[in-house]
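Q: Need the 3D shape of this:
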Amino acid sequence: MTPASEIHVETRADGTLILTPKDALAPADHRSFAEFLPYWAERRGDTPAICERDPAGGWRRITWREFWRQAQSVAAALLEMGLGQQQPLMMLSGNSIEQAVLFMAAEYVGIPTAPVSPAYSLLSRDFARLKGVAELVPPAAVFVQAMQPFGPALDALLAMSPPGVQVIAGQGAGTGQVSWQSLIATELTPERRAAVEAAHAAIRPQDVARVLFTSGSTGVPKGVATNFGALAFMVRYLDNIFSHLTEQDPVFLDWLPWHHAFGLMVNFNRSMLTGASHHIDDGRPVPGMFERTVRNLREVSPSVFNSVPSAWAMLASELERDPALAQSLCARVVSFGYGGASLPREVWQRVQRAATAAVGRHVPFHTGLASTETCGSGCFFTGDEDDLGNIGVPRPGAQAKLVPLEGVDGRYEIRLRAGFDFGGYVKRPDLTEAALDEEGYFRIGDAVTLVDQNDPAKGLRFVGRVVEDFKLVNGTWVRTGALRLSLVDQCAPLISDAVICGHDRDFVAALAWPNVAECQRLAPELAGLDAATLVQHPTVVDAIRQRLRAVTATSSLRVERLMLMAEPPSIDANEIADKGYVNQATTRARRAHLVEELFHPQPASHIACSQ
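A: Coordinates of the predicted model:
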């Protein structure tokens, strides 16, 4: 992994720190990630580029040579359909080979793409969020992987759109709709090749490349416009971090959705940059779906593997139980990664024990801090030392401003500025203005501390969301990030993540998600029970109760009640932020009825109490 560059630290009179890398980004030969397709088609033509599970459970693959061929044909077809800078393409379905081709085809000829969470179409009756994003970015064409599940959503979308919106379907295209097969079968005549190359040459840095939607705590979608200038910057930024992987024929397995910034702007683009074989993981870090990830890891040995801390807790249990899985996971891996939330040390230790037993070495864990608005650029920790929670320092091309927060615990609000102009929120100049401070730094909303108070260059430690800290009724501050991590460690290995509660209450309580595999191991009669049964089982509740009682701490650092939840955190309800951190405020609001149960004067028997 490319080491972090040296940092220049400016200390201002009010205690604000400005962290700027001393190294500059190297120039790049490519202006966008689509330009890597012909490069890898020539050098790794027969190597799989994108792989996904087929309905029979096997792997469906597209090689780099075929990827580039299809991208050119689709680009030519999209241009003939009339798409362009003012006629964007919206995508309603999830990660797939077809969507990967569409992203690169559109990017190559300057057509903006707008990927939307599939939940807006599949888990809604009124389609309010889908209509909201369509009002922000009216599409000229819409892509769905299959017509059948998206039919009602498409009807709602087309009903509110002007005539002429075209529908592209991966499977099941009907009359008047465009089939995927017809797109990739578009013959690349000399005239079409010339049109594709002319459109590519005409792209300007200020032209919009992608619009990603981020909901924030309000749940109202905001469109973040990413222009081609930002893509050119991200080519150089990611090359600075991951260029060493190009020498290894890298392999990735990734579940993060491409409508999220980290999944698309970092992980997908990293695969384009490095010529990787990118395997789409059909699993998720939740009970009932994580088994798919485990199955995939038995067949795919990744060069880098990233997931959220709760997934690492579940994976640790599987690695301990299955040495062959640990061998497959660690066979070629260079590094592991985790999201914006800190990884509990107990989980890290278990993973490292499994790695050492499998391949005779520790595997470094890397993490960072960024946002949709900075295209995934920001701070990144790439050290080999085991410094959990260290998110590193700004990488070349980015800067960080640390503004002191109230209190004497050394906490700062971190703000980020990337090496490109933030395109702003689509049709919301008011939100754009509020998001930036007077110097153009983006208010990311996170709190950090210095790893070394005397040397900011040694890294920053993520300690939670600024807005998620709260006071008890007696005025005592509760630092949510630190307490959450402490609680997960304290209850290890029985819980995977937690939400801290207690705003204006007399004491602190928590909602938490169980580590199902570890809870099942508490007693023989628990084996095979599902999450819904486990979270209310007296044996599990008593085990949590004992762990809560073992802690002696002040009121702001002690959790007095804990309720386990069977329903996993929802990505689409914004309970998990783009960078993998559980959104505490949103989860508390969405599960307000459970919070009220926690603080009932006579708590139910399935609530573990320390007293």
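Q: So which other helices or strands are in contact with the helix or strand containing Ala105?
A: Secondary-structure element containing Ala105, defined by DSSP states H and E: helix 97-108. Judged by 3 or more CB pairs under 8 Å, 6 or more residues apart in numbering; DSSP states H and E, the packing partners of helix 97-108 are strand 48-53, strand 59-63, helix 64-80, strand 89-91, strand 113-115, strand 141-146, helix 190-201. To be clear about C-beta, it is placed using only N, CA and C from the backbone, and glycine gets the same treatment.
Q: now do 6 Å
A: Secondary-structure packing of helix 97-108 (3 or more CB pairs under 6 Å, 6 or more residues apart in numbering; DSSP states H and E): strand 48-53, helix 64-80.
Q: Identify whichever of these lies nearest to Cys519.
A: Among these, the nearest to Cys519 by CB to CB is strand 48-53 (28.7 Å).
Q: quick one: average pLDDT of the closest one?
A: The average pLDDT within strand 48-53 is 99.
Q: returning to that earlier point: specify the angle between the helix holding Ala105 and strand 141-146 in degrees.
A: Using axes from the mean of the first three to the mean of the last three CA atoms, to 10 degrees, the inter-axis angle of helix 97-108 relative to strand 141-146 is 160 degrees.
Q: what angle do helix 97-108 and helix 190-201 make?
A: Using the same axes, to 10 degrees: helix 97-108 against helix 190-201 is 70 degrees.
Q: the inter-axis angle of helix 97-108 versus strand 59-63?
A: For helix 97-108 against strand 59-63, the angle by the same axes, to 10 degrees is 20 degrees.
Q: From the rest of the structure, what touches helix 97-108?
A: 32, 34, 37, 50, 52, 62, 70-71, 74-75, 89, 91, 113, 143, 170, 180, 200, 209 (CB atoms under 6 Å, 6 or more residues apart in numbering).
Q: Just give me how far that helix sits from the chain centre.
A: 20 Å (CA atoms, centre = their mean, to the nearest Å).
Q: Check stretch 471-490 too.
A: Chain-centre distance of stretch 471-490: 25 Å, with CA atoms, centre = their mean.
Q: related to what we said a few turns ago, for the helices and strands packed on helix 97-108, could you give me CSV that also reports mean neighbour count and distance to Ser317?
A: Putting those into CSV (neighbours: other CB atoms under 10 Å; distance: least, CB to CB, whole Å) gives the following:
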stretch, mean neighbour count, distance to Ser317
strand 48-53, 21, 23
helix 64-80, 23, 36
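Q: Can you give the domain ranges for the chain?
A: 59-211, 469-609 (automatic domain parsing).
Q: would TSV of the ones you listed with distance to Ala398 be doable?
A: Output for the domains of the chain, formatted as TSV (distance: least, CB to CB, whole Å):
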stretch	distance to Ala398
domain 59-211	18
domain 469-609	15
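Q: quick one, what contacts Arg43?
A: Going by CB under 6 Å, 6+ apart, the list of residues near Arg43 is empty.
Q: and it, how far is that from Ser121?
A: Between Arg43 and Ser121 the distance is 38 Å, computed by CB to CB, to the nearest Å.
Q: Distance check, Ala118 against Val595.
A: Slight slip there: residue 118 is Pro, not Ala. Counting by CB to CB - Pro118 and Val595 are separated by 29 Å.
Q: Also Ala105?
A: For Ala105 relative to Val595 (CB to CB), the value is 47 Å.
Q: same check, this time on Phe262
A: Distance from Phe262 to Val595, by CB to CB: 29 Å.
Q: neighbour-wise, which of those two wins?
A: Just comparing Phe262 and Val595: by other CB atoms under 10 Å the higher neighbour count belongs to Phe262, 24 against 20.
Q: Need the three-state assignment for Val167.
A: Of the three states, Val167 takes strand under DSSP: H, G, I helix; E, B strand; the rest coil.
Q: for the longest strand anywhere in the chain, packing partners?
A: If you go by DSSP state E, the chain has its longest strand at strand 442-450. Applying 3+ CB pairs under 6 Å, 6+ apart, we find strand 442-450 packed against strand 412-418, strand 460-465.
Q: Between the ones you listed, which one is closest to Asp387.
A: The closest of the helices and strands packed on strand 442-450 to Asp387 is strand 460-465. By CB to CB, the value is 8.7 Å.
Q: Sort out which residues of the closest one are buried, please.
A: Leu460, Arg461, Phe462, Val463, Gly464, Arg465 (16 or more other CB atoms under 10 Å).
Q: and what of stretch 414-428?
A: Under the neighbour-count criterion of 16+ other CB under 10 Å, stretch 414-428 has Ile414, Arg415, Leu416, Arg417, Ala418, Gly419, Phe420, Phe422, Gly423, Gly424, Tyr425, Val426 buried.
Q: List of residues touching it?
A: By CB under 6 Å, 6+ apart, stretch 414-428 touches 136, 222-223, 225, 227, 229-230, 233, 373-374, 377-378, 397-402, 431-432, 440-444, 446, 448.
Q: Also stretch 261-272?
A: 33, 36, 212, 238, 242, 252, 254, 256-258, 278, 372, 375-376, 578-579.
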